[in-house]
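Q: Provided below are the primary sequence and the corresponding predicted coordinates.
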Amino acid sequence: MKPPAGKDKSRITAARILDRLESGDQVLDAVLDRALEEEPGLTRKDRALVMALVYGVLRNRGRIDWIISSFSKTKLNKIQPEILNILRMGVFQLLFLDRVPPALAVDSSVEMAKKAAPVFVSKFVNGLLRNVERKGRGLQLPDFAKDPLKAVCVAESYPEWMVKRWIKRFGAEETLELCKAGNKIAPLTIRVNSLVANRDEVAEAIRDQVKSLEMHDWPPMAMSFAAPQVPIFELPGFTAGKFSVQDAASQMTALCLGPQPGEVVLDACAGLGSKTSHMAQLMDNKGEILAADLEPGKLKRLEEEMARLKVSIVKTRALDFSRELPLEPQSFDKVLVDAPCTGLGVIRRNPDSKWSKTLNSIHKHAKLQRMILSRASELVRPGGLILYSVCSMEPEETDGVIKAFLKNNEDFTLEPSPLPKEGDQTMLDEQGCMRTFPHRQGMDGFFAARMRRRA
Ligand SMILES: C[S@@+](CC[C@H](N)C(=O)[O-])C[C@H]1O[C@@H](n2cnc3c(N)ncnc32)[C@H](O)[C@@H]1O
């Protein structure tokens, strides 16, 4: 079966994205955006196939590789990386994607292999995928009762080092739940911009264009939905700035800091500004926010986003918080440090992190986080607050950073974040730090600690 041209382009684009991710130094969103920009001819349907293939392979890569190993005499690390990604996409289409006819899954993979390698390699691809088609579903997965580590790694597709440390911390049963939750497609959650709209009004405007619309009890401006009929930026109210896309756990961060109207606030690692605009909203667009980030390009996009959301109290400045800062010490009422991290709490959105992060990434991030928190804290006025947050659940990036900071900065003390205690009590630990987990609350995995400088 000869693959139709449009679909072939989708597969070639998906393979290119997977190949580019191999280097480990680029994140999925950026690689996706660039690859899709390079192929303006792809229709919405073609793009949907690209997404399905890329996310599908990344979510299921451990299991797919185990299947390939079961049918290949050649070790995986001896297979040319481009060919391995073609095989992964082929196996994914054969065993995980019902809508692709098996002949198309095999033939399109063989055609791609022919362009990337000598004929004997495309024959290997053909033979292996035909075997997977015939016998792949009959493979017996490793037994959880006998070898939980291997069973979780294969069945849920996670690297061994990650599962090992989670089993040590959470036990095998809970690790299985955590890994399963990380493979689920995350709901689309938005935050209504109270500066220009209320939640009921936004819900009514989008109700007939989305499925399973659900209002959250907490955080109060959040609602989630599935399967929007149009891209988010085409939903009614988006252009007018009535809402932003932001996970519920991420919406909790600004609430933990609780900036008030009229205050002077610093967002030290502002990125594209999802928490900056939330803080402006909580401040009723009164006061001042300095949004800083290492990357000036992000701040330009942040400024555009503030304009869309009708936020006028934000100034931006490119700053490196791992170095001495050109700012007046103790000049801010509140400081948010939403630090760069491994992102292991948001695997369901960025499944590439499973394969790009290592134990070393955790240690490298923890070192940078300590430096950034320490520099940013110099800017907090007496009696003022600093909130440290990361979208990771790893002890080195959470408790480790806070413990070291409090030890070296005796004029700061940890205090409970002002999240509701009843009902949602599980979001706060015994010290009042916010901790969310995908398998416990159905939210991204986040950590936030609120610390006050003595007056
Ligand atoms: C977790 S992201 C922030 C996300 C952002 N707060 C939001 O809600 O959209 C961390 C940010 O820290 C920035 N960053 C990394 N190293 C930094 C440094 N040394 N100084 C300042 N910002 C840094 C990154 O560019 C990135 O945008």
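A: That came through fine.

Q: isn't residue 186 right next to residue 247, touching?
A: Yes. If you go by C-beta atoms under 8 Å, residue 186 and residue 247 touch, sitting 7.0 Å apart. (Glycine included, C-beta is placed from N, CA and C.)

Q: Give me the common contacts of those two.
A: 349, 444 (C-beta atoms under 8 Å, 6 or more residues apart in numbering).

Q: the more surrounded of those two?
A: residue 247 (26 against 18; other C-beta atoms under 10 Å).

Q: Backbone dihedrals for the more buried one, both of them.
A: Dihedral pair for residue 247: phi -60, psi 150, per degrees, to the nearest 10.

Q: Pull up the gap between the residue nearest to it when sequence neighbours are not counted and residue 384, please.
A: Closest residue to residue 247 apart from its sequence neighbours, by C-beta to C-beta, 6 or more residues apart in numbering: residue 444 at 4.6 Å. From residue 444 across to residue 384, the span is 27 Å (C-beta to C-beta, to the nearest Å).

Q: ok, now residue 194?
A: 24 Å.

Q: Alpha carbons only: can I get whichever helix or strand residue 315 is part of in CSV?
A: Residue 315 belongs to strand 314-318 when assigned by DSSP states H and E. These are the backbone C-alpha positions of strand 314-318, laid out as CSV (Å, rounded to 0.1, in the frame of the first residue of the first chain):
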residue,chain,number,x,y,z
VAL,A,314,4.1,44.9,34.6
LYS,A,315,7.6,46.0,33.6
THR,A,316,10.2,43.5,32.2
ARG,A,317,13.9,43.2,32.6
ALA,A,318,16.4,40.5,31.5
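
Q: Point out the other helices and strands that it packs with.
A: helix 274-282, strand 288-293, helix 296-308 (3 or more C-beta pairs under 8 Å, 6 or more residues apart in numbering; DSSP states H and E).

Q: what about stretch 177-192 and the ligand, touching?
A: No. In terms of C-beta under 6 Å from any ligand atom, no part of stretch 177-192 sits within range of the ligand; the closest distance is 11.0 Å.

Q: Just the buried residues of that stretch, please?
A: 178, 179, 181, 182, 183, 186, 187, 188, 189, 190, 191, 192 (16 or more other C-beta atoms under 10 Å).

Q: go on, stretch 197-215?
A: Buried residues in stretch 197-215, defined by neighbour count with 16+ other C-beta under 10 Å: 197, 199, 202, 203, 205, 206, 210.

Q: how near is the third one to the ligand?
A: Taking C-beta to the nearest ligand atom, to the nearest Å as the measure, residue 202 and the ligand are separated by 20 Å.

Q: ok, that residue - contacts?
A: Residues near residue 202 by C-beta under 8 Å, 6+ apart: 190, 192, 223, 237, 242, 243.

Q: Equivalent analysis for the first one, please.
A: Contacts here follow C-beta under 8 Å, 6+ apart; on that basis residue 197 touches 237, 240, 242, 243.

Q: How about the backbone phi and psi for it?
A: phi -160, psi 170.

Q: how close does it get to residue 313?
A: 18 Å.

Q: How about the fourth one?
A: Per C-beta to C-beta, residue 203 is found 27 Å from residue 313.

Q: Repeat that for residue 396.
A: Following C-beta to C-beta, the distance that separates residue 396 from residue 313 is 35 Å.

Q: Of those two, which one has the most company?
A: residue 313 (20 against 17).

Q: Could you give me the buried positions within stretch 414-431?
A: In terms of neighbour count (16+ other C-beta under 10 Å), stretch 414-431 has its buried residues at 414, 416, 417, 419, 427, 428, 429.

Q: and of the residues you listed, the nearest to the ligand?
A: Among those, residue 417 lies closest to the ligand (C-beta to the nearest ligand atom), at 16.6 Å.

Q: Residue 194 and residue 384: who's more crowded?
A: Between residue 194 and residue 384, residue 384 has the larger neighbour count (other C-beta under 10 Å), namely 23 against 16.

Q: Greatest separation within the contacts of residue 197: which pair is it?
A: By the measure C-beta to C-beta, 240 and 243 form the most distant pair in those, at 9.4 Å.

Q: Tell me which of these two has more neighbours.
A: residue 243 (24 against 14).

Q: where does this structure have low pLDDT?
A: 1-7, 422-425 (pLDDT under 70).

Q: Might one say that residue 212 is in contact with residue 189?
A: No. Counting by C-beta under 8 Å, residue 212 sits too far from residue 189 to count as a contact (11.9 Å).

Q: Now for the two: what residues contact both?
A: With C-beta under 8 Å, 6+ apart, residue 212 and residue 189 have common neighbours residue 224.

Q: The strand of greatest length in the chain and the ligand in contact?
A: Longest strand in the chain, counting residues (DSSP state E): strand 380-390. No. Figure legend: strand 380-390 not in contact with the ligand (C-beta under 6 Å from any ligand atom); closest approach 7.1 Å.

Q: Which other helices and strands does that strand contact?
A: The contact analysis (3+ C-beta pairs under 8 Å, 6+ apart) places strand 380-390 against helix 248-257, strand 332-338, helix 359-377, helix 399-408, strand 446-453.

Q: No further questions, thank you.
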